[in-house]
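>>> when you get a sec, could you give me coordinates for this:
(chains A and B)
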There are 2 protein chains.
Amino acid sequence: MNIGIIGFGGVSKALIKLLGDKSEYLYNLGIHIRVKYIIKSNGGIYNNLGINLEEIISNDFNLNIESLQFKEDININTIVKNNDIDMLVELTNTNIETGEPGLTHIKLALENSINVVTGNKGPILLQYNNLKKLADKNNVKLGIGCTTGGALPSINVGTFDIAGSDVLSIEGILNGTSNYILTEMYENEVDYDEALNKAISLGIAEANYNLDVEGYDTASKILILANVIMNSSLTIDDIKIQGINLLYKSLIINEKKNGNKIKLIGKIYKEGEQIKAYVKPEVIDKSHPLYFVDGKNKGVLYSTDTLGDISVIGGASGTINAAAAILRDIINIFCKEK
Amino acid sequence: MNIGIIGFGGVSKALIKLLGDKSEYLYNLGIHIRVKYIIKSNGGIYNNLGINLEEIISNDFNLNIESLQFKEDININTIVKNNDIDMLVELTNTNIETGEPGLTHIKLALENSINVVTGNKGPILLQYNNLKKLADKNNVKLGIGCTTGGALPSINVGTFDIAGSDVLSIEGILNGTSNYILTEMYENEVDYDEALNKAISLGIAEANYNLDVEGYDTASKILILANVIMNSSLTIDDIKIQGINLLYKSLIINEKKNGNKIKLIGKIYKEGEQIKAYVKPEVIDKSHPLYFVDGKNKGVLYSTDTLGDISVIGGASGTINAAAAILRDIINIFCKEK
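Okay, the predicted model is just below:
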């Protein structure tokens, strides 16, 4: 399988390392991955026989060493023109306003019958249905498992594990930062600000944590699940979004006395023929399958007609684990093609 | 897709009904299932154009009405001779000593390049590795998701959702009857006998509940997971098995005071190059992902190198849900072939 990697941040580098670490595993599956392209925003490298990944790793991911022949004019158009890969791994920085440049990369690949695996949330959030149609039309696959919870196989469970059942609703605790803050407030009975500051100091909350605590990250993930698993065509404007940033400690502690917890839940459900979605802090009790998803942990609950309620919980969060989620999609697409 | 169904108990009947209920769902997936054979132990029916399932349902699953043309000489050999189906659904009664008659049915199908989906635990328990080799050799698939927890997608998670990672261990609460009894003893602080009797009176414990409470059912499921997901070649004799039938109430209540529960855990793990397995009642605390799997509920925890810990919990238990698990495998195999 010949692949091209576009975008050269942490997840791409972790993936390059992972492909080396997992070479025996892949060999045993009958998968031989040859990386032909690694492309950054200012150019890239190309090797028709497969780039020597060991060389890149041992040079600390510096693409400018002579032997790699970095060229400024290598970009997505080179891939399209050469038409010599089976799969594009799209990992450029996400832009949830325009989806670019990922959106263009993904479209061009699919139009040219190249499978795509991406961890780039923007294009999927904005254009999933169109991209899926494009993939189907060109008889290729679009792997997006990494966009909704990284290592947590939320898309996979919705795709393979409940196949044949109708999904009545999907509920998720999908944002590690918010869940960590709520768990702190519950367990140590501290104010929101104190819990947030702890999350920041531990590096759990990123510099721009507003998207997390205000519920937008959860909303974007639940939106993708709605469109992928429940065939909806919702946009972010269709989702009522309320975050955790206005929650008082007293509210959480009062519910704790009743044996309940407050969790930031994203939910999609059917109301008649309509599919609705919201994100908000909800009071849940011990009988709820996501009650015990604490700290940075994440989980999704699928309620189905014929398989019952199925929840999947966990998955490590970090660049190496996100890279492993990308590799999971690569393998599943390869094994479908075999 | 042309299929044959062999075995005509509750799950087969539920599947026949489900195929009707899900016809629109399947149509939307591009799957048209034509059932050409329904075979019992004393003969069967065959229709090259597809059996009218509505007629069977409306006649209360009586295969002896004239229009169906039940014949005593229709059996697995008819399928092999005609060679006109893509998939055999094997649902005869399980026999964990010999695997028969399912084992012969599955072998004959695979040898003749017919995909197989089965819920029959015996053949998989005894011969999984050989059957998988046979399937690979003949370029067909063997779907066994229903054999280890029914609607709980334990095999699916191990196959698709953690693809690309190395499994360090698998732990499961896999027997609903035992788990119900332990939950009763914990919550209502009753003796083992009282909890067992309640399970019997509610129809949760089957007539022959010994295989459940003595741990053999859990062992057989964990054995299949070991062989399918961790590529081991263990047999039932390699598993140390201890059930819940000797547990005292006082033991459970003492642990309850410490915040712990006792659960019947089946576990597979690596020790150096060796793969080991056991089934026994274990004390687990709140931090264990299966701590809250109570009552008849089931769950599996996969510990992996690159995706972290992933647990899947739930799945309804009943014949309709087992049939839905069979349909899930049919769809996943079809979608792989597409």
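>>> need the contact list for residue A:307.
Contacts for residue A:307 (CB atoms under 8 Å, 6 or more residues apart in numbering or on different chains) come out as A:162, A:164-165, B:151, B:153, B:315-316, B:321, B:324-325, B:328. Yep, even glycine has a C-beta here, placed from its N, CA and C like the rest.
>>> same question for residue A:162.
Taking CB under 8 Å, 6+ apart, one finds A:302, A:304, A:307, A:310, B:153, B:328 in contact with residue A:162.
>>> can you name the element that comes right after the helix or strand residue A:110 falls within?
Assigning secondary structure by DSSP states H and E places residue A:110 in helix A:102-111. In the C-terminal direction, the helix or strand that comes right after helix A:102-111 (DSSP H and E) is strand A:115-118.
>>> got a list of what residue A:252 touches?
Shown in contact with residue A:252 (CB under 8 Å, 6+ apart): A:182, A:185-186, A:189, A:261-262.
>>> tell me the one of these nearest chain B?
residue A:261 (12.5 Å; CB to the nearest CB).
>>> go ahead and confirm that closest one touches residue A:186.
Yes: with contact defined as CB atoms under 8 Å, residue A:261 counts as touching residue A:186 (6.0 Å).
>>> spell out which residues of the stretch 201-338 of chain A are next to chain B.
A:286, A:289, A:291-292, A:306-317, A:320-321, A:323-325, A:327-328, A:330-332, A:335-336 (CB under 8 Å from any CB of the partner chain).
>>> just the buried residues from the residues you listed, in ChimeraX please.
Remark: buried members of these, expressed as a ChimeraX selection using 16 or more other CB atoms under 10 Å in any protein chain shown:
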select /A:289,291,292,306,307,308,309,310,311,312,313,314,315,316,317,320,321,323,324,325,327,328,330,331,332
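>>> and the contacts of residue A:252, which are buried?
A:182, A:185-186, A:261-262.
>>> strands - which of those residues land there?
A:261-262 (DSSP state E).
>>> including distance to residue B:91 and pLDDT, could the buried ones among the contacts of residue A:252 go into JSON lines?
Below are those laid out as JSON lines (distance: CB to CB, whole Å; pLDDT from 0 to 100):
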{"residue": "A:182", "distance to residue B:91": "46", "pLDDT": "98"}
{"residue": "A:185", "distance to residue B:91": "51", "pLDDT": "97"}
{"residue": "A:186", "distance to residue B:91": "47", "pLDDT": "97"}
{"residue": "A:261", "distance to residue B:91": "42", "pLDDT": "97"}
{"residue": "A:262", "distance to residue B:91": "46", "pLDDT": "98"}
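>>> could I get the buried ones among the contacts of residue A:252 as JSON lines with distance to residue B:38?
Below are these laid out as JSON lines (distance: CB to CB, whole Å):
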{"residue": "A:182", "distance to residue B:38": "53"}
{"residue": "A:185", "distance to residue B:38": "58"}
{"residue": "A:186", "distance to residue B:38": "55"}
{"residue": "A:261", "distance to residue B:38": "50"}
{"residue": "A:262", "distance to residue B:38": "52"}
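>>> quick check: the farthest pair among the buried ones among the contacts of residue A:252?
The span of the buried ones among the contacts of residue A:252, defined through CB to CB, is set by A:185 and A:261 at 10.1 Å.
>>> roughly how far does residue A:239 sit from chain B?
Using CB to the nearest CB, to the nearest Å, residue A:239 is found at 25 Å from chain B.
>>> what is the neighbour count of that residue?
For residue A:239, the neighbour count with other CB atoms under 10 Å in any protein chain shown is 22.
>>> then the one 4 residues further on?
Taking other CB under 10 Å as the neighbour definition, residue A:243 ends up with a count of 22.
>>> which neighbouring elements make contact with the helix ranked longest in chain A?
Longest helix of chain A, by residue count under DSSP state H: helix A:319-337. Secondary-structure packing of helix A:319-337 (3 or more CB pairs under 8 Å, 6 or more residues apart in numbering or on different chains; DSSP states H and E): helix A:10-21, strand A:87-90, strand A:115-118, strand A:142-143, helix B:319-337.
>>> residue B:27: which of those is closest?
Smallest distance to residue B:27 across the helices and strands packed on helix A:319-337 (CB to CB): 12.4 Å, for helix B:319-337.
>>> need the residues that contact stretch A:210-222.
Stretch A:210-222 is contacted from outside by A:96, A:121, A:125, A:147-149, A:154, A:170, A:172, A:174-175, A:177-178, A:181, A:196, A:205-206, A:236, A:239, A:241-245, A:264, A:266-268, A:277, A:279-280, using CB under 8 Å, 6+ apart.
>>> mind running it again at 6 Å?
With CB atoms under 6 Å, 6 or more residues apart in numbering or on different chains as the test, stretch A:210-222 has contacts from A:121, A:125, A:148, A:174-175, A:177-178, A:239, A:241-245, A:266, A:268, A:277, A:279.
>>> now the most centrally placed residue in chain A: phi and psi?
Among the residues of chain A, the one closest to the centroid is residue A:147, at 1.8 Å (CA atoms, centre = their mean). Residue A:147 adopts backbone torsions of phi -80, psi -10, taken as degrees, to the nearest 10.
>>> right, and it touches residue A:123 too?
No: using CB atoms under 6 Å, residue A:147 makes no contact with residue A:123, being 9.1 Å away.
>>> and residue A:132, how far from residue A:110?
Using CB to CB, to the nearest Å, we find residue A:132 at a distance of 9 Å from residue A:110.
>>> quick check: phi and psi on residue A:7?
Per-residue torsions, residue A:7: phi 100, psi 130 (degrees, to the nearest 10).
>>> ignore what I typed, I meant residue A:159.
phi -90, psi -60.
>>> who's in contact with the closest residue to residue A:118 other than its chain neighbours?
Spatial nearest neighbour of residue A:118, chain neighbours left out: residue A:90 (4.0 Å); criterion: CB to CB, 6 or more residues apart in numbering or on different chains. Applying CB under 6 Å, 6+ apart, we find residue A:90 in contact with A:6, A:102, A:105-106, A:116, A:118, A:120.
>>> same list (these) but as CSV, adding pLDDT.
Below are those laid out as CSV (pLDDT from 0 to 100):
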residue, pLDDT
A:6, 98
A:102, 98
A:105, 98
A:106, 98
A:116, 98
A:118, 98
A:120, 96
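>>> neighbour count added to those residues, as TSV?
As requested, those are arranged in TSV below (neighbours: other CB atoms under 10 Å in any protein chain shown):
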residue	neighbour count
A:6	27
A:102	27
A:105	27
A:106	29
A:116	28
A:118	29
A:120	27
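>>> that older thread, just list the residues touching the residue nearest to the centre of chain A, thanks.
Applying CB under 6 Å, 6+ apart to residue A:147 gives the contacts A:121, A:124, A:224.
>>> thought the last one was touching residue A:146?
No: under the criterion of CB under 6 Å, residue A:224 makes no contact with residue A:146, lying 10.8 Å away.
>>> neighbour count: those two, which is higher?
A direct count of neighbours by other CB under 10 Å for residue A:224 and residue A:146 places residue A:146 higher, at 27 against 22.
>>> test my guess that the more buried one contacts residue A:327.
No: in this structure residue A:146 lies outside contact range of residue A:327 using CB under 6 Å: 9.5 Å.
>>> close to chain B: what parts of the stretch 51-200 of chain A are there?
Proximity of the stretch 51-200 of chain A to chain B (CB under 6 Å from any CB of the partner chain) is limited to residues A:151, A:153, A:156, A:160-161, A:163-165.
>>> make JSON lines out of these and add pLDDT and secondary structure.
Formatted as JSON lines, those follow (pLDDT from 0 to 100; DSSP: H, G, I helix; E, B strand; the rest coil):
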{"residue": "A:151", "pLDDT": "95", "secondary structure": "coil"}
{"residue": "A:153", "pLDDT": "96", "secondary structure": "coil"}
{"residue": "A:156", "pLDDT": "92", "secondary structure": "helix"}
{"residue": "A:160", "pLDDT": "92", "secondary structure": "helix"}
{"residue": "A:161", "pLDDT": "95", "secondary structure": "helix"}
{"residue": "A:163", "pLDDT": "94", "secondary structure": "coil"}
{"residue": "A:164", "pLDDT": "95", "secondary structure": "coil"}
{"residue": "A:165", "pLDDT": "96", "secondary structure": "coil"}
